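Participant: Please work out how this folds:
(chains A and B)
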Amino acid sequence: MSSIGDRVLQRLEQVRPGSRHRDVAEQIGMTPDAFSRALHGKRQFASIELARLAELIAADLHWLITGQPDPNRLRVAARHDFDHTTGQRTVPGRADDEQVLADIALAYRQAYPEPETGSEQAIAGGWPGSAAALRKVLGPDFVRKFADRLEQHLSIGVIRVAELSTAYSLTVGGRPVIALPATASWFRENWDLAHELGHLVMGHHDDGINGTEASKHEAAANGFAAELLLPEETLMKVDWGSAGDEDLARYVWDWGVSTDALCRRLTTLLGQIPARVAHWAAGPTQRLLRRHLSIDPGHDEITVRMDEASQRRFPLSLQEAHLDGVASGAIGRATLAWMLGIDAAALEVDSPEIPEIDADDLASALGL
Amino acid sequence: MTVLMFPDNTALINFAIINRMDLLARLANGNGRWCATVATECAESAKRPELAALDGAAEIFGEPLFPTNAEYQDIRVLRDELAGPGDQPTKHLGEAETLAIIVRRQFACFFVTDDRDATRLAAKNRIRAVNTWLLLSVAYRQGWLDADTLWGYVQTLGRQRRGAPPGVRDRLSFDKWLTG
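Facilitator: The predicted structure follows:
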């Protein structure tokens, strides 16, 4: 059986071949002698040394310790921004998003310390694979309460925070999560949700995949999103030549998509763009809705929907698990406060009393 | 004899700031212990001129305790129970390592920290936690400090945002705390 030292050496050889152990030791705050003895099992690593080493050689800490993949690991399927003009896919904010994703993973590990054994496989095997079947599972008019339906019917946690630059689907300890940037753009959010659901359904993740595979994943997820939100069968029933501005506004509103998304979908399905759709797709979706959507003047549903898509959101079940953890003393209140977007000091929740120790008892116990 | 375990730098730095590592040594009475991560962090903090007194900590606590392979896994779980959003991966490892060692090896000890979350987790694991102020009040009761000197320390630490004894806002409340 290999030791921690063996695995460190193995990883060093992979990522820093030829590097001098003396230099590695220095970078993690160890003396060369201590590092050498730790590598050869004559001294244990301090946990801070091991954590620094894992970061330096980009190794999973759990694997370094046990030789096994971390069952609680965070697996991300990146949402790549697609530039239709250049055909390039990038995740420009990924570096800044890493900390937010790590914080989301921490929130899940704190709430559910035990990983869901085999649940990633269960996701793949337990969920319907087609967009049509998933629409049925999510229920009628699912798009208006898309995030709630994903949680209720598929147990996918949906998180919305302003700190993210783009959307991600991930699993933490086998639990599926979709994390979204709060943008107030509900049609963009619906597309993100559908796209990321596609990644989860198809079991995508970005562990060590190359650019070609990533592009295939993105195309497949986009295709899934298109069929989920804009089913071919539904769109082909519409007489696009006679659809007026009010009809178009109602379709966009009910299907929960942008005019641009509708335009691209129709281009794919019809091979050409209906003139009225092309006209409205050239401007913001809000323009069509503000001018032609029939709504109650006393209740501005467009603004309500925007407001909903801008709100910080974490699954209630996750928040409840944190409340229980704080109440039992198992976890602190910092993560719950972060989820709620408030200062931890302002969070009033029940937590156990800490027993006080008498100074004389302490002196006596210390033999003073 | 009950051991004094120092799971982080919070109390150590306070004794270094008031330059009374000698007092800490008397309180530990030969029973002070620390783990390898805290020893590492302490050695790094001692490089700051204002905390040079921390150099004396090694004499008080002796050879650090290193975690075993089984304890490494406990440390990861305990560290998660202490962490908050934005924390770097190395934060809270001293507290987690100390707790893992205490629990696995069933040490009879006091856990010395001023950190609220570390205190919470110690209590959850049925470990008694004490802080800087309790140690200083013991030193006062032993006659190793007079009240005026201790009040000076409270003011010094307060100026450096190191907290204050519970309920202490001025000399009157300080005297009440000391005799309470």
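
Participant: which parts of the host helix or strand of residue A:305 are buried?
Facilitator: Assigned by DSSP states H and E, residue A:305 belongs to helix A:301-310. Using 16 or more other C-beta atoms under 10 Å in any protein chain shown as the test for burial, helix A:301-310 gives A:305, A:308, A:309, A:310. Using the backbone N, CA and C atoms, a C-beta is placed for each residue, glycine as well.

Participant: And those residues, which is closest to chain B?
Facilitator: Closest approach to chain B among these (C-beta to the nearest C-beta): residue A:310, at 20.3 Å.

Participant: Could you measure from that closest one over to residue B:170?
Facilitator: 46 Å (C-beta to C-beta, to the nearest Å).

Participant: same thing with residue A:42?
Facilitator: Going from residue A:42 to residue B:170 by C-beta to C-beta gives 55 Å.

Participant: thinking again about what came up before, which strands and helices lie in contact with the helix holding residue A:305?
Facilitator: helix A:186-201, helix A:285-292 (3 or more C-beta pairs under 8 Å, 6 or more residues apart in numbering or on different chains; DSSP states H and E).

Participant: show me what contacts residue B:138?
Facilitator: When contacts are counted by C-beta atoms under 8 Å, 6 or more residues apart in numbering or on different chains, residue B:138 touches A:359, A:362, A:363, A:366, A:368, B:27.

Participant: Format those residues as CSV; extra columns: secondary structure and pLDDT.
Facilitator: Formatted as CSV, these follow (DSSP: H, G, I helix; E, B strand; the rest coil; pLDDT from 0 to 100):
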residue, secondary structure, pLDDT
A:359, helix, 92
A:362, helix, 93
A:363, helix, 93
A:366, coil, 90
A:368, coil, 89
B:27, helix, 95
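
Participant: which one of the residues you listed sits closest to residue B:148?
Facilitator: For the contacts of residue B:138, the closest approach to residue B:148 (C-beta to C-beta) belongs to residue A:359, at 18.8 Å.

Participant: I'd assumed residue B:134 was in contact with that closest one.
Facilitator: Yes - look at residue A:359 against residue B:134 with C-beta atoms under 8 Å: they come within range, at 6.1 Å.

Participant: Give me the neighbour count for the residue in the stretch 101-250 of chain A that chain B sits nearest to.
Facilitator: Scanning the stretch 101-250 of chain A for the residue nearest chain B gives residue A:103, at 3.9 Å (criterion: C-beta to the nearest C-beta). Residue A:103 has 19 neighbours, counted by other C-beta atoms under 10 Å in any protein chain shown.

Participant: Can you classify the closest residue to it other than its chain neighbours as helix, strand or coil?
Facilitator: Spatial nearest neighbour of residue A:103, excluding adjacent residues (C-beta to C-beta, 6 or more residues apart in numbering or on different chains): residue B:85 at 3.9 Å. With DSSP: H, G, I helix; E, B strand; the rest coil as the basis, residue B:85 sits in coil.

Participant: Just give the nearest non-adjacent residue to residue A:44, would you?
Facilitator: residue B:66 is the one closest to residue A:44 (C-beta to C-beta, 6+ apart), at 3.8 Å.

Participant: From what I see, that neighbour and residue B:37 are in contact.
Facilitator: No - the pair residue B:66 / residue B:37 is not scored as a contact, 9.3 Å apart, by C-beta under 8 Å.

Participant: and for those two, which residues touch both?
Facilitator: What both residue B:66 and residue B:37 touch, as defined by C-beta under 8 Å, 6+ apart, is the set residue A:46.

Participant: neighbour count winner among the two?
Facilitator: A count of neighbours by other C-beta under 10 Å puts residue B:37 above the other of residue B:66 and residue B:37, at 30 against 19.

Participant: about what we covered before: closest to residue A:211 among the contacts of residue B:138?
Facilitator: residue B:27 (60.7 Å).

Participant: Near that closest one, how many other residues are there?
Facilitator: Neighbour count of residue B:27, defined by other C-beta under 10 Å: 25.

Participant: Tell me the backbone dihedrals of the nearest residue to it once chain neighbours are set aside, please.
Facilitator: Leaving out its chain neighbours, the residue that sits closest to residue B:27 by C-beta to C-beta, 6+ apart is residue B:135, at 5.4 Å. Per-residue torsions, residue B:135: phi -60, psi -40 (degrees, to the nearest 10).
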